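Trainee: what shape does this take:
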Amino acid sequence: MVKKQTNFILFLIFLITFLGLLPLFVDLFFHRPPGTVYSFAHNYMLDYYQYLSWMKDGADGKFLITSRYSPENFSPPGGGQARHPVYLFYPLLGFVTSRLGLSLPLGYTFARIFWSLARILIVYLLITEILEKPSQRILAFFLATFLPPFYQLFPPKLAFPTVSSLDPLMRTFFIPHDLATISLLMLAAIYFNRWLKNPSLKILVLSCLFLLLATIFNPAITSLFLLLFAAAGLLASISQPKVFLRLVFGGLVLGIFCLPLIFYYQRLFATTLPFSWMYQQQKVVQILSPKNLFLAYSPALLLAIFGLAGFFRKKEFLAKFILSWAVVPFLFGPFLGKAIPLSQERLFELYLFVPLGILAGQGLGKIKKVAFVFGAAAFFSLPYFFASLKWQIGMFATPYINIYIRQPLLEAFAWLDKNTPPESVVVAPYFTANMLPAFAHNKVVFGHDFVTFQAAEKLKEVNFIYGEGTDPQKIKEILGRWGVKYILFTPESPPLEKTGLAKINLKLVFKNSENQIYEVIP
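Mentor: Numbers count the residues shown, from 1 in each chain. Modelled structure (predicted):
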């Protein structure tokens with residue numbers, strides 16, 4: 001029975017991996033136009049290249065980061081370091097990737113795959129820690145991994161295509177630092193639960209280290225999970241008064257490991273540019289209305305109801321953690337971006353299908369005809385998977401310039417990286433400017449709708465610089481204000497002679513079949 005259970009779980013892992021990576025291979029081997037390099041871009045494109053820009057910093061040996069999507073230096077008023085130890089996952093990943101001789105996009109993609117598989121295996125480990133019957137484990141794993149949101153059936157259509165973490169395929173191979181954070185937080189909970197049963201210092205230290213790494217990788221998500229840890233500890237102490245003191249002691253030790261970093265990051269994001277600007281742009285984001293939020297999770301929510309009673313009866317910390325993970329986020333979800341200064345998107349980074357699937361597996365896995373439940377869930381999911389695969393495979397069938405990067409543009413980026421001073425400022429058109437910091441050590445005037453400081457104003461200035469018949473004196477004033485050293489012309493931009501830049505003192509320093517780079521002469 002154990003062998004059959006293991007083989008079936010391995011089959012499910014293979015299936016979700018094959019389906020999740022299929023669109024990537026279709027783009028790489030069938031959609032990629034000749035003379036281009038596939039970028040492996042996914043999810044929100046502007047953010048993807050920002051992550052690569054931080055990997056580029058790490059590849060260059062810079063582990064403290066700033067934003068190179070703005071021309072400002074961002075040094076404190078009294079002087080000091082403009083770079084800070086934030087988002088360390090990506091500089092570290094870039095450093096390792098470069099030492100392995102891989103391209104940054106490929107290193108990012110391998111990290112996605114590694115942490116996706118790690119998360120899947122840790123989800124199953126979590127399930128085995130809390131559920132005993134094989135039927136419960138298999139059903140819980142299937143629901144946590146494969147169950148989609150509600151969708152339109154005729155024709156099959158994704159209900160919420162802009163929310164990647166609701167789609168079973170996209171949430172499986174999601175953003176690597178989110179995958180890593182959730183994986184580490186689950187391990188922290190598992191080992192903390194083991195420590196409560198067997199108070200070994202080694203086990204507690206492992207739990208603390210997992211929590212510390214999660215805090216470094218994503219302090220916002222870790223902060224929310226600390227609320228879940230606290231709620232689980234409270235419920236566990238009520239059901240097991242004998243372990244109250246141990247829970248308090250363990251909680252204090254966990255707090256010592258992660259709270260100083262969380263407070264540091266909270267202060268940094270509240271007071272220090274460019275991070276305070278990023279935080280202000282993101283915290284008010286509302287993705288779904290409360291009604292749509294319910295519809296998005298309701299298949300899992302409705303099934304999870306069957307497991308609530310069983311988990312309330314369980315006394316151990318891990319059961320209370322699953323219960324808190326499934327319930328608490330929905331209590332504060334409607335207030336995110338409003339009364340609570342966190343973006344609603346944080347709710348979708350909590351992988352709520354995991355606890356909901358485990359609750360459902362607990363309740364429905366006990367019935368005699370569990371195969372019927374499994375079959376019904378699979379039958380419900382099939383049309384969604386068909387729609388999702390069709391949508392994802394067709395998403396990048398068009399040769400978008402930031403998905404399939406032309407070789408001449410990469411040559412221009414390489415020239416900038418080798419022949420210009422670090423963090424010298426470049427003007428480039430919209431999509432090119434978003435890609436540039438991922439491949440060269442330069443800054444850009446505008447490169448990201450939210451990350452660029454005062455982005456709307458800077459985008460207007462870039463459009464003015466490339467505008468036809470614009471005032472050369474005004475262009476000079478903009479270039480001087482931001483310390484622009486280089487101007488990049490690509491197929492995305494108009495040619496030099498059609499812009500006011502033709503009347504500026506410029507020197508051609510690079511040219512290939514499609515691109516030109518001009519140096520601004522004072």
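Trainee: domain parsing for the protein?
Mentor: As given by automatic domain parsing, the domain ranges for the chain are 1-35+133-160+288-400, 39-84+401-522.
Trainee: let's have those domains in JSON lines, adding mean pLDDT, mean neighbour count and distance to residue 275.
Mentor: C-beta coordinates here come from the backbone N, C-alpha and C atoms, glycine included. Shown next, in JSON lines, are the domains of the chain (pLDDT from 0 to 100; neighbours: other Cβ atoms under 10 Å; distance: least, Cβ to Cβ, whole Å):
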{"stretch": "domain 1-35+133-160+288-400", "mean pLDDT": "85", "mean neighbour count": "18", "distance to residue 275": "14"}
{"stretch": "domain 39-84+401-522", "mean pLDDT": "90", "mean neighbour count": "19", "distance to residue 275": "7"}
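Trainee: now distance to residue 281 too, for those domains, in JSON lines please.
Mentor: Shown next, in JSON lines, are the domains of the chain (distance: least, Cβ to Cβ, whole Å):
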{"stretch": "domain 1-35+133-160+288-400", "distance to residue 281": "9"}
{"stretch": "domain 39-84+401-522", "distance to residue 281": "4"}
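Trainee: for residue 153, see how far away the residue lying closest to residue 152 once chain neighbours are set aside is.
Mentor: In this structure, residue 152 finds its nearest non-sequential neighbour in residue 159, 6.5 Å apart by Cβ to Cβ, 6 or more residues apart in numbering. Plainly put, residue 159 is 11 Å away from residue 153 if you go by Cβ to Cβ, to the nearest Å.
Trainee: what's the answer for residue 353, then?
Mentor: Taking Cβ to Cβ, one finds residue 353 at 20 Å from residue 153.
Trainee: check residue 400 too.
Mentor: When residue 400 is compared with residue 153 (using Cβ to Cβ), they lie 30 Å apart.
Trainee: go on, residue 137?
Mentor: Using Cβ to Cβ, residue 137 is found at 30 Å from residue 153.
Trainee: and what of residue 399?
Mentor: 33 Å.
Trainee: ditto for residue 117
Mentor: Going from residue 117 to residue 153 by Cβ to Cβ gives 31 Å.
Trainee: same thing with residue 107?
Mentor: Distance, residue 107 to residue 153, using Cβ to Cβ: 40 Å.
Trainee: and the strands in this protein?
Mentor: For the chain, the strands defined by DSSP state E cover 36-38, 404-406, 425-427, 443-444, 484-489, 506-511, 516-520.
Trainee: tell me the contacts of the residue nearest to residue 152?
Mentor: 149-152, 166, 295-296 (Cβ atoms under 8 Å, 6 or more residues apart in numbering).
Trainee: try 6 Å
Mentor: Counting by Cβ atoms under 6 Å, 6 or more residues apart in numbering, residue 159 makes contact with 149-151.
Trainee: export those residues to a markdown table and tack on distance to residue 291?
Mentor: What follows is the contacts of residue 159, written out as a markdown table (distance: Cβ to Cβ, whole Å):
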| residue | distance to residue 291 |
| --- | --- |
| 149 | 13 |
| 150 | 12 |
| 151 | 16 |
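Trainee: ok, so of the residues you listed, who is nearest residue 235?
Mentor: Closest approach between the contacts of residue 159 and residue 235, by Cβ to Cβ: residue 149, at 27.9 Å.
Trainee: measure the closest residue to the closest one other than its chain neighbours to residue 242 for me?
Mentor: Distances taken as Cβ to Cβ, 6+ apart place residue 296 nearest to residue 149, at 4.4 Å, with adjacent residues excluded. According to Cβ to Cβ, residue 296 stands 40 Å off from residue 242.
Trainee: and residue 39, by the same measure?
Mentor: Taken as Cβ to Cβ, the span from residue 39 to residue 242 is 56 Å.
Trainee: so residue 52 sits against residue 436, correct?
Mentor: No: counting by Cβ atoms under 6 Å, residue 52 sits too far from residue 436 to count as a contact (10.5 Å).
Trainee: pull up the overlap in contacts between these two.
Mentor: Contacts common to residue 52 and residue 436, judged by Cβ under 6 Å, 6+ apart, are absent.
Trainee: tell me the mean pLDDT for stretch 196-204?
Mentor: On average, the pLDDT along stretch 196-204 is 91.
Trainee: so what touches it?
Mentor: By Cβ under 6 Å, 6+ apart, stretch 196-204 touches 191, 194-195, 243, 317.
Trainee: out of these, flag the one nearest to residue 128.
Mentor: residue 194 (12.5 Å).
Trainee: number of residues surrounding the closest residue to the closest one other than its chain neighbours?
Mentor: Among residues not flanking residue 194 along the chain, residue 203 sits closest, at 5.2 Å (Cβ to Cβ, 6+ apart). Neighbourhood size, residue 203 [other Cβ atoms under 10 Å]: 18.
Trainee: measure residue 203 to residue 385 for me?
Mentor: From residue 203 to residue 385 the distance is 39 Å (Cβ to Cβ).
Trainee: tell me the phi and psi of the nearest residue to residue 277 once chain neighbours are set aside?
Mentor: Nearest non-adjacent residue to residue 277, counting by Cβ to Cβ, 6+ apart: residue 453, 5.1 Å away. Note on residue 453: its backbone torsions stand at phi -60, psi 130 [degrees, to the nearest 10].
Trainee: circling back to that earlier point, can you redo the contacts of stretch 196-204 as a markdown table with distance to residue 47?
Mentor: Converted to a markdown table, the contacts of stretch 196-204 look like this (distance: Cβ to Cβ, whole Å):
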| residue | distance to residue 47 |
| --- | --- |
| 191 | 31 |
| 194 | 36 |
| 195 | 36 |
| 243 | 42 |
| 317 | 35 |
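Trainee: of all these, which two lie farthest apart?
Mentor: Among the contacts of stretch 196-204, 191 and 243 lie farthest apart (Cβ to Cβ), at 15.6 Å.
Trainee: tell me the average confidence for stretch 99-116?
Mentor: Per-residue scores along stretch 99-116 average to 96.
Trainee: buried sites along it?
Mentor: 103-105, 107-113, 115-116 (16 or more other Cβ atoms under 10 Å).
Trainee: which residue, other than its chain neighbours, is closest to residue 309?
Mentor: residue 363 (7.6 Å).
Trainee: what's near enough to touch residue 211?
Mentor: Counting by Cβ under 6 Å, 6+ apart, residue 211 has contacts 188, 254, 257-258.
Trainee: rerun that using 10 Å as the cut-off
Mentor: If you count contacts by Cβ atoms under 10 Å, 6 or more residues apart in numbering, residue 211 has them with 184-185, 187-189, 191-192, 222, 225-226, 229, 253-255, 257-258.
Trainee: could I get the contacting residues of the residue nearest to it when sequence neighbours are not counted?
Mentor: Nearest non-adjacent residue to residue 211, counting by Cβ to Cβ, 6+ apart: residue 188, 4.2 Å away. The contact partners of residue 188, by Cβ under 10 Å, 6+ apart, come to 206-215, 222, 225, 229, 254, 257-258, 321.
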